[in-house]
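Undergrad: here are the coordinates; sequence isn't available:
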């Protein structure tokens with residue numbers, strides 16, 4: 001199972017994209033009002049330069065840490081980079097680690113999310129750059145199979161950044177926060193679950209939740225904001241590697257994250273759902289985000305007309321995607337398969353929009369599954385009969401579980417059966433419909449390996 005999960009689930013993580021942004025340095029932070037005493041825009045070392053006990057890499061022990069891009073930050077023999085924004089207020093100051101999406105770097109995310117507002121409020125903001133460490137999706141090392149306990153180089157980067165900046169800048173250790181959108185939102189879920197004892201909270205924006213940590217792990221006190229752009233928080237496009245993504249929705253995974261944090265006794269959680277804002281960071285709420293992180297979400301926020309609705313309760317899971325009710329389910333192996341695929345794939349709010357075009361070409365649509373059953377049963381080759389026997393052993397829960405848990409049993413069974421009978425008509429037609437760059441090939445190793 002450990003080896004299977006990445007190949008079957010990579011498609012989910014390929015969808016963790018953010019809108020393309022021009023990459024370049026962040027412009028200067030605008031004038032700051034008299035929030036507090038004005039301090040320098042760069043920081044001199046607090047500890048003795050080069051001291052053995054320094055938490056910073058050797059090259060940073062005496063380096064001026066001013067606003068701008070910094071390179072050569074060594075972590076576990078890798079040289080990393082980050083963009084730093086410093087407020088004018090003196091410390092102790094809160095820290096925000098900002099995690100970017102797939103098609104951008106840290107400085108681009110700072111501009112897109114308008115995080116200079118946090119700087120004006122007195123935050124030190126640091127936006128590290130990913131280098132493709134992800135085990136499943138090569139942006140941040142965020143999603144992993146449950147039994148993968150290898151060292152996480154991106155968590156190591158976060159740890160060392162916090163240690164170094166805490167040593168060099170006047171940070172408040174009780175006000176350390178992390179935030180990210182899309183691929184960065186996924187990694188924010190992992191950071192909050194793995195480092196809740198250190199961080200005071202964070203903002204998870206349009207991020208997948210499943211496979212980002214142990215759901216049974218007890219979380220320390222935190223203030224957590226979960227956001228997505230609404231029912232239309234959907235991504236369609238291509239990743240930098242050229243993989244094609246068709247209509248992936250983030251709403252269900254956002255609700256799962258909200259439920260996880262809301263169920264944790266020590267966590268104060270609020271979820272904000274955009275009013276048809278799409279796959280976006282809700283920058284119009286940045287002032288609210290600042291207050292919620294610092295003060296905690298104790299009650300619902302007033303509705304922000306045209307922007308979002310925020311509730312200090314667990315978000316309900318969205319209803320299933322449109323799927324047909326198949327007659328005679330269970331009467332034959334083909335009827336069993338088509339009914340289960342309709343409920344657990346086509347009706348799955350996370351994967352349904354991605355799989356729908358391909359399932360439709362097999363005769364399975366929201367209007368019905370009669371054609372799916374007839375096409376499956378009409379194929380008469382030996383491999384078709386072997387496929388039907390294999391599909392008849394499919395055992396999926398009723399009702400289907402949401403998210404990856406609901407989709408995986410069907411995906412794994414179809415992949416196993418097509419591996420045993422690759423020449424079966426259903427398998428050949430399905431694989432022929434998938435281009436090599438189609439994200440859905442990650443669900444089916446049989447198609448991917450052809």
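TA: Happy to help now that I have it. Keep in mind the model is a prediction, meaning the values are calculated, not measured.
Undergrad: switch to C-alpha atoms for all contacts and neighbour counts from now on
TA: Fine.
Undergrad: in the stretch 51-200 of the chain, which spans are helices?
TA: 106-112, 116-120, 153-168, 183-194 (DSSP state H, counting those that start in this stretch).
Undergrad: among those, which is nearest residue 409?
TA: Residue 409 sits nearest to helix 183-194 of all the helices of the stretch 51-200 of the chain, at 23.1 Å, using CA to CA.
Undergrad: Out of the helices of the stretch 51-200 of the chain, which gets nearest to residue 251?
TA: Nearest of the helices of the stretch 51-200 of the chain (CA to CA): helix 183-194, 12.9 Å.
Undergrad: Which is the succeeding secondary structure element to the closest one?
TA: For helix 183-194, the following helix or strand on the C-terminal side (DSSP states H and E) is strand 201-205.
Undergrad: re earlier: which of the helices of the stretch 51-200 of the chain sits closest to residue 255?
TA: Judging the helices of the stretch 51-200 of the chain by CA to CA, what sits closest to residue 255 is helix 183-194, at 12.7 Å.
Undergrad: And that closest one, what does it pack against?
TA: Helices and strands touching helix 183-194, by 3 or more CA pairs under 8 Å, 6 or more residues apart in numbering; DSSP states H and E, are strand 93-99, strand 171-181, strand 201-205.
Undergrad: by contact count, what packs against the shortest one?
TA: Spelled out, that is strand 201-205. Where contact means 3+ CA pairs under 8 Å, 6+ apart, strand 201-205 is packed against strand 171-181, helix 183-194, strand 222-228, helix 286-295.
Undergrad: who touches it?
TA: When contacts are defined by CA atoms under 8 Å, 6 or more residues apart in numbering, strand 201-205 is touched by residues 176-182, 185-186, 188-189, 192, 222-228, 254, 281, 289, 293.
Undergrad: Note down every partner strand of it and its orientation.
TA: Counting by DSSP bridges, the strands paired with strand 201-205 are strand 171-181 (parallel), strand 222-228 (parallel).
Undergrad: can you give me the angle the longest one makes with helix 286-295?
TA: What it means is strand 171-181. 140 degrees (axes from the mean of the first three to the mean of the last three CA atoms, to 10 degrees).
Undergrad: and the angle from strand 171-181 to helix 153-168?
TA: Going by the same axes, to 10 degrees, strand 171-181 makes 150 degrees with helix 153-168.
Undergrad: Quick check: mean pLDDT of strand 171-181?
TA: For strand 171-181, the mean per-residue pLDDT is 98.
Undergrad: Any chance you could list what contacts that strand?
TA: 18, 91-101, 124, 165-166, 185-188, 191-192, 198-207, 280-281, 293-294.
Undergrad: for the last one, same thing?
TA: Contacts of strand 222-228 with the rest of the structure, by CA under 8 Å, 6+ apart, involve 196, 199-206, 250-251, 254, 257-258, 261, 266-274, 278-282, 289, 292-293, 296-297.
Undergrad: filter those to the buried ones?
TA: The neighbour count (16 or more other CA atoms under 10 Å) marks 196, 199-206, 250-251, 254, 257-258, 261, 267-274, 278-282, 289, 292-293, 296-297 as buried among the contacts of strand 222-228.
Undergrad: which helices and strands does the helix or strand hosting residue 359 pack with?
TA: Element membership for residue 359 (DSSP H and E) is helix 352-360. Where contact means 3+ CA pairs under 8 Å, 6+ apart, helix 352-360 is packed against strand 244-249, helix 425-433.
Undergrad: hang on, the earlier thing: out of the helices and strands packed on strand 201-205, the one nearest residue 140 is which?
TA: That would be helix 183-194 among the helices and strands packed on strand 201-205, by CA to CA, at 6.2 Å.
Undergrad: Now do that closest one and strand 93-99, the angle between them.
TA: 120 degrees.
Undergrad: Could you double-check that residue 337 lies in contact with residue 394?
TA: Yes: contact criterion CA atoms under 8 Å: residue 337 and residue 394 qualify, at 7.0 Å.
Undergrad: who's more crowded, those two?
TA: Taking other CA atoms under 10 Å, residue 337 and residue 394 do not tie; residue 337 has more neighbours (27 against 18).
Undergrad: quick one, helices of the stretch 351-450 of the chain?
TA: 352-360, 370-378, 382-391, 403-420, 425-433, 445-448.
Undergrad: Out of the ones you listed, the one nearest residue 59 is which?
TA: helix 403-420 (43.3 Å).
Undergrad: How far off centre is that closest one?
TA: Centre-to-centre, helix 403-420 and its host chain are 22 Å apart (CA atoms, centre = their mean, to the nearest Å).
Undergrad: cool, stretch 263-273 as well?
TA: The chain centroid and the centroid of stretch 263-273 are separated by 17 Å under CA atoms, centre = their mean.
Undergrad: related to what we said a few turns ago, point out the most buried one among the strands paired with strand 201-205.
TA: Highest mean neighbour count of these: strand 222-228, a mean of 28 (counted as mean count of other CA atoms under 10 Å).
Undergrad: Report the buried residues of the helix holding residue 359.
TA: Buried residues in helix 352-360 (16+ other CA under 10 Å): 352-356, 358-360.
Undergrad: contacting residues around residue 367?
TA: Per CA under 8 Å, 6+ apart, neighbours of residue 367: 323-324.
Undergrad: Check the one 5 residues further on too.
TA: Counting by CA under 8 Å, 6+ apart, residue 372 touches 338, 362-364.
Undergrad: what's the distance between it and residue 364?
TA: 5 Å (CA to CA, to the nearest Å).
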